[in-house]
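> okay, sequence plus prediction incoming.
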Amino acid sequence: PALSAEAHAPRWPVPVYVAGTAPMMQQIGGEIGDGLLTPSITTPDYVRYTAGNIREGAAKSGRPADEVDLGCTILASIHATDRDAGRDGAREIGGMYLANKVQNIQGSADVLLESAGIEQDEIVPVAEAMERGGRLAAKAQVTDSLLDKCKPIAGTPSDCIEAIEEYRDAGCTHIMLELWGENRLEQIRLFGEPLFTGNAEQE
């Protein structure tokens, strides 16, 4: 319904985004949406899968697929100099999301896990640890190999730049950071200043 003429509200067109995991929802995003948003545990391979679904949907309505903004939700954590510390926050939030894929949304999450090359037997221990001891217990079960498969934007600024470039090359047009870990205000500064002003090596 139209807004009342007396309502104080923006009058410009509001972009409509579709949040979708499986093919049909993603195709709808390409067909009618201004953009499509992916869920957590998005990886570059999943971005390519999503871009294909967007193209298929866009073709149905005869529009260019590159008009659809592809926003990717990606695990993130950064430290100025210490790679392990920078990956630590991503390990914790990764544990929470991986456990969730087992406990709550197993069917619809399959394509995410397949794109990441993650097997059920890798994440069941994470989910069991979450049930026993919460997110820190789950974090302890996220091995380096499992974290690498989740493809976080994590580590030092140079690690993060490399990861961002990989996502860009896969077709991601804007990144939504699932930022976690210690001192998040400082992390925001590190993501905002070194990564986008070319000062990563100075930091």
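Great, that's in hand.

> regarding this protein, what is its longest helix?
Of all the elements of type helix in the chain, the one with the most residues (DSSP state H) is helix 83-103.

> counting neighbours, which bits of it end up buried?
Counting neighbours by 16 or more other C-beta atoms under 10 Å, one finds that the buried residues in helix 83-103 are 85-102. To be clear about C-beta, it is placed using only N, CA and C from the backbone, and glycine gets the same treatment.

> do the same with stretch 153-160
Neighbour-count burial for stretch 153-160 flags 153-157, 159-160 (criterion: 16+ other C-beta under 10 Å).

> what is the nearest of these to Leu112?
Set against Leu112, the nearest of these by C-beta to C-beta is Ile153 (16.6 Å).

> beta partners for the closest one?
Ala76 (DSSP bridges).

> picking up where we left off before, what mean pLDDT does the longest helix of the chain have?
For helix 83-103, mean pLDDT rounds to 88.

> likewise for stretch 146-165?
Confidence for stretch 146-165, expressed as mean pLDDT, is 94.

> re the thing from before, out of the buried residues of stretch 153-160, who's nearest Ile123?
For the buried residues of stretch 153-160, the residue nearest Ile123 by C-beta to C-beta is Ala154; the value is 18.3 Å.

> next one: the longest helix of the chain to chain centre, how far?
12 Å (C-alpha atoms, centre = their mean, to the nearest Å).

> do the same with stretch 81-88
With C-alpha atoms, centre = their mean as the basis, stretch 81-88 stands 19 Å off its chain's centre.

> equivalent analysis for stretch 15-24, please.
Chain-centre distance of stretch 15-24: 14 Å, with C-alpha atoms, centre = their mean.

> what about it, start to end distance?
The first residue of stretch 15-24 is 20 Å away from its last residue (C-alpha to C-alpha, to the nearest Å).

> now the strands for this protein?
If you assign secondary structure with DSSP state E, the strands in the chain sit at 17-19, 35-37, 69-78, 153-155, 174-179.

> need the winner for burial among those strands.
Per residue and on average, the most neighbours among those fall to strand 153-155, with a mean of 27 (mean count of other C-beta atoms under 10 Å).

> reformat the strands of the chain as a markdown table; add distance to Leu190.
Supplementary listing: these in a markdown table, determined by distance: least, C-beta to C-beta, whole Å:
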| stretch | distance to Leu190 |
| --- | --- |
| strand 17-19 | 27 |
| strand 35-37 | 24 |
| strand 69-78 | 5 |
| strand 153-155 | 11 |
| strand 174-179 | 10 |
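
> which one, of these, ends up nearest to Glu56?
Ranking these by their distance to Glu56 (criterion: C-beta to C-beta) puts strand 35-37 first, at 12.0 Å.

> list the contacts for the closest residue to Ser77 other than its chain neighbours?
When the adjacent residues along the chain are set aside, Ser77 lies closest to Gly89, with 3.1 Å between them (C-beta to C-beta, 6 or more residues apart in numbering). With contacts defined as C-beta atoms under 8 Å, 6 or more residues apart in numbering, Gly89 is in contact with 76-77, 154, 179-182, 187.

> below-threshold pLDDT in this protein: ranges please.
Applying pLDDT under 70 to the predicted model, the residue ranges of the chain that meet it are 1, 103-109, 194-203.

> no more questions from me, cheers.
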